[in-house]
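> Here is my input, please return the structure:
(one chain, ligands or ions: 1)
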Amino acid sequence: MDGGTTTVSVIGLGNMGSALADAPIAKGFDVTVWNRTPAKAERFAKAGQAVARTPAAAAAASDVVVVCLFDHAANRDVVLTDGVAGAMRGKPLVQMSHVGTEGLAELEAWAGRHGIPVLKGLIFVYPDDIRRGEGTVVYGGPRVLFDSLRPLLDAMGGRPVHAGEALGAGATLGAAYCCFLYPALLGFLHGAAMCHRSGIAIEDFTKDVIMPFPRGRSFAGMLEGLMRASASRRYTGDLQATLDAWYHDLELALDGVTATGVSTALMAAVRDRFNVARARGFGGQDVAAIFETLVEGANPGAD
Ligand SMILES: NC(=O)c1ccc[n+]([C@@H]2O[C@H](COP(=O)([O-])OP(=O)(O)OC[C@H]3O[C@@H](n4cnc5c(N)ncnc54)[C@H](OP(=O)(O)O)[C@@H]3O)[C@@H](O)[C@H]2O)c1
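Numbering: from 1, shown residues only. All right, here's what the predicted structure looks like:
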């Protein structure tokens with residue numbers, strides 16, 4: 001283990017919680033576990049890890065407490081109690097459960113009342129990615145706490161990212177990531193459905209067309225271009241293709257989608273957004289100018 005916190009308690013040994021315990025154990029941390037259903041703690045006991053009898057005992061046992069329970073209700077029952085607060089005596093808590101906005105506010109109030117420093121983690125990956133040390137986890141909370149817990153955070157996934165000082169910053173970054181991920185997933189399935197209906201092997205579509213794209217330089221270059229343009233809010237320099245040119249290809253793609261008979265809803269929604277940008281006079285600028293139609297918030301009449 002590479003210094004810093006040596007003892008960690010993990011409360012919650014579901015699919016993700018057990019990975020969050022396995023990963024630091026593999027890195028040499030001394031881990032105490034607790035789970036409502038004791039059977040899930042048995043393999044940890046057999047491997048020589050301590051098993052606490054109560055959440056408060058788990059909180060008392062270590063330098064830092066990691067929590068991964070199903071939802072806010074479980075956290076309210078198990079963690080946000082006077083017993084756990086008393087046992088923690090101001091030690092840091094790393095909350096990995098999804099608890100929503102209300103849960104976050106309650107956690108913040110409870111921690112504030114009891115002087116408990118908190119980091120709120122949001123996990124982007126599956127438990128096995130955490131075990132392999134390949135997971136991205138974003139955290140909201142004090143940077144100074146993030147830095148002081150860094151060896152443990154490195155051990156729990158391998159790529160911790162500090163999103164901001166606000167406890168909810170990780171959740172915001174997570175939701176932003178989902179804005180990218182979910183349409184990408186749906187877009188892939190759309191394309192696969194088109195191939196299926198047209199007698200094209202989904203394997204060929206995936207391996208020959210889709211997968212080389214994120215692996216190649218053009219995808220990274222495109223993302224960097226979008227990043228530069230939206231961060232600076234400048235859409236006229238170094239133009240590779242205008243928004244109107246993208247729109248032209250979008251219309252042709254929509255024709256192709258219609259011809260195969262699959263749903264056009266996804267691409268029609270994309271076209272609607274392009275049309276908002278064109279109506280605002282961005283047709284001759286970079287496609288990133290669509291950012292301007294999103295950043296100002298809900299856009300009645302144009303949405
Ligand atoms: N799995 C993933 O891929 C993944 C990825 C990112 C984030 N997450 C987040 O990680 C959190 C846990 O997910 P999971 O996949 O590990 O779920 P899970 O396998 O269903 O485990 C849920 C855990 O919560 C405990 N629990 C539920 N209700 C409880 C209650 N009322 N009192 C005490 N303990 C209670 C369960 O205890 P018992 O064993 O006694 O039922 C178990 O330890 C969720 O907030 C989820 O959003 C999961």
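> unless I'm mixing things up, F146 is touching L153, no?
Yes: shown here, F146 and L153 form a contact pair, counting by CB atoms under 8 Å, at 7.0 Å. C-betas here are computed from N, CA, C, even on glycine.
> Grab the longest helix from the chain for me.
helix 169-198 (DSSP state H).
> What is the distance between it and the centre of its chain?
Averaging C-alpha positions (CA atoms, centre = their mean, to the nearest Å) puts helix 169-198 14 Å from its chain's average.
> got the buried residues for it?
A169, G170, A171, L173, G174, H190, G191, A192, A193, M194, C195 (16 or more other CB atoms under 10 Å).
> the more surrounded of F146 and L153?
L153 (25 against 20; other CB atoms under 10 Å).
> close enough to count as contact, G284 and T242?
Yes: G284 is within contact range of T242, at 5.4 Å (criterion: CB under 8 Å).
> hang on, the earlier thing: give the residues shared as contacts by F146 and L153.
Applying CB atoms under 8 Å, 6 or more residues apart in numbering, one finds that F146 and L153 are jointly contacted by Y139, P160.
> Which other helices and strands does the longest helix of the chain contact?
strand 118-123, strand 135-140, strand 158-164, helix 202-204, helix 243-260, helix 265-279 (3 or more CB pairs under 8 Å, 6 or more residues apart in numbering; DSSP states H and E).
> Kindly recompute the last result at 10 Å.
Secondary-structure packing of helix 169-198 (3 or more CB pairs under 10 Å, 6 or more residues apart in numbering; DSSP states H and E): helix 100-114, strand 118-123, strand 135-140, strand 158-164, helix 202-204, helix 243-260, helix 265-279.
> Note down every partner strand of the second one and its orientation.
This points to strand 118-123. Applying DSSP bridges, strand 118-123 is found paired with strand 93-95 (parallel), strand 135-140 (antiparallel).
> per-stretch mean pLDDT over the ones you listed, give me the minimum one.
Per-stretch mean pLDDT for the strands paired with strand 118-123 is lowest at strand 135-140 (a mean of 93).
> sec struct for the nearest residue to I25 once chain neighbours are set aside, please.
Spatial nearest neighbour of I25, excluding adjacent residues (CB to CB, 6 or more residues apart in numbering): V31 at 5.1 Å. Of the three states, V31 takes strand under DSSP: H, G, I helix; E, B strand; the rest coil.
> I figured V31 was touching A41, is that so?
No: applying CB atoms under 10 Å, one finds V31 not in contact with A41, separated by 11.1 Å.
> Give the intersection of the neighbour lists for these two.
Common contacts of V31 and A41 (CB atoms under 10 Å, 6 or more residues apart in numbering): V10, A21, Q49, A50.
> ok, and the most crowded of those?
Highest count within the shared contacts of V31 and A41 by other CB under 10 Å belongs to V10, 34 neighbours.
> can the host helix or strand of it be found next to the ligand?
Per DSSP states H and E: V10 is located in strand 7-11. No: Strand 7-11 lies apart from the ligand when judged by CB under 6 Å from any ligand atom; the minimum separation is 8.3 Å.
> Pairing partners for that strand, with directions?
When DSSP bridges is applied, strand 7-11 pairs with strand 30-34 (parallel), strand 64-67 (parallel).
> for the lowest-mean-pLDDT helix or strand in the chain, packing partners?
Using mean pLDDT, DSSP states H and E, the weakest-scoring helix or strand in the chain turns out to be helix 212-215, at a mean of 88. Judged by 3+ CB pairs under 10 Å, 6+ apart, helix 212-215 is in contact with helix 217-232.
> And the contacts of the helix it packs on?
Residues contacting helix 217-232 (CB under 10 Å, 6+ apart): 180, 212-214, 234-240, 285-292, 294-295.
> ok, A74 - contacts?
Neighbours of A74 in contact, by CB under 10 Å, 6+ apart: I11, G12, G14, R36, V67, C68, S97, V99, G103.
> tell me which element it falls in.
helix 72-78.
> Which parts of that helix count as buried, going by neighbours?
H72, A74, N75, R76, V78.
> any low-confidence regions in the protein?
1-5, 298-303 (pLDDT under 70).
> hmm, back to that, would you mind finding the most buried of the strands paired with strand 7-11?
strand 64-67 (a mean of 27; mean count of other CB atoms under 10 Å).
> any idea how far it is from the chain center?
19 Å.
> same thing with stretch 229-248?
That offset, for stretch 229-248, works out to 28 Å (CA atoms, centre = their mean).
> Kindly report the same for stretch 43-52.
With CA atoms, centre = their mean, you get 30 Å for stretch 43-52.
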